[in-house]
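**Q** What would the 3D arrangement of this be:
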Amino acid sequence: MAWRRRILVLLGLLLLSLPAWAGQNLLVKGIEAQKAGRNEQAVALLSQYLKKYPQISEARRSLALALAGLGRQEEALKVLDQGLTSSPPDIQLLLTKANLLAGLERRAEAIEVLTQVVTCDPKCAEALKERGECQAQEGCFPEAMKDLNQAAKLAPKDPWVYNKRGLVWFCQGEYSKAVADFSTAIRLAPNSPQAYFFRGNLYRFHLNEPDKAIADYQKGCALGHPLCCQELQKMGVK
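**A** Model prediction:
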């Protein structure tokens, strides 16, 4: 009869695991829905999941992103704040909160949150990169450059570090340095169209090199950047 006892034990273990499995299924489906842009579905699934597992930051972050995708940013910030009660705070939740605040043009608050991240993790290139952009948007170019230079040291293969720093150089009239950073971004991510648009504008409007501008716009347009296509139309280039 030992085999019957083993079967009963296995059935008992299966029954005990069912609630956890069902919860995990909610989490997986909720995150998948959010990533696919099915934000209403994601909110329903992840809200249900967090009622039972409020400590899971991955669910909280995805719920906040889904709410933001529906234009419910204040609710999203509240969801994040509810998860930011532990010590030390969750880095990913802080980064998500900072991005939402920056999107709402509450950049001073975003800088405070990103500073909190850098205090917790001085080598967090993502926080330095985003804080650098916020500093630049606030007109604090020396502070922005300091952050972006450090981000470039920590994440030398991140093309967006160079895109953001290129824009800061541009704002200061350092066009050659801006071109160099956009060129680095293109080398690191040749199929990403944004840097072609940025560099094309520099060639066209500030460096008097229309042929290079056209080449960049054509590449960006081919990669699906609508503004590159618009600039080509303005220049009469097909």
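
**Q** tell me the domain ranges of this protein?
**A** Following automatic domain parsing, one gets these domains for the chain: 37-82, 84-156, 175-238.

**Q** Quick one: end-to-end length of the last one, please.
**A** By that I understand domain 175-238. 27 Å (CA to CA, to the nearest Å).

**Q** just the second one next, same as before
**A** According to CA to CA, domain 84-156 extends 30 Å from its N-terminal end residue to its C-terminal end residue.

**Q** Then the first one?
**A** Start to finish, the residues bounding domain 37-82 are 23 Å apart (CA to CA).

**Q** circling back to that earlier point, ok, which of the domains of the chain comes nearest residue 168?
**A** With CB to CB as the criterion, residue 168 lies closest to domain 84-156 of the domains of the chain, at 4.8 Å. (Glycine included, C-beta is placed from N, CA and C.)

**Q** quick one, what contacts the residue nearest to residue 194 when sequence neighbours are not counted?
**A** Using CB to CB, 6 or more residues apart in numbering and skipping the chain neighbours, the partner closest in space to residue 194 is residue 163 (6.1 Å). Listed by CB atoms under 8 Å, 6 or more residues apart in numbering, the contact set of residue 163 reads 181, 182, 185, 194, 195, 198.

**Q** Would you tell me what helix or strand the third one is located in?
**A** Residue 185 is part of helix 175-188, with elements assigned from DSSP states H and E.

**Q** Mind listing what's buried along that helix?
**A** Using 16 or more other CB atoms under 10 Å as the test for burial, helix 175-188 gives 175, 178, 179, 180, 181, 182, 184, 185, 186, 188.

**Q** Tell me the predicted confidence for residue 53.
**A** Residue 53 is assigned 88 on the pLDDT scale.

**Q** Looks like it contacts residue 47 (just checking).
**A** No. Counting by CB atoms under 8 Å, residue 53 stays clear of residue 47, with 11.5 Å between them.

**Q** so is the most centrally placed residue in the chain in a helix, a strand, or just coil?
**A** In the chain, the centroid-proximal residue (CA atoms, centre = their mean) is residue 99; its distance is 7.2 Å. Here residue 99 takes the helix state, with states given by DSSP: H, G, I helix; E, B strand; the rest coil.
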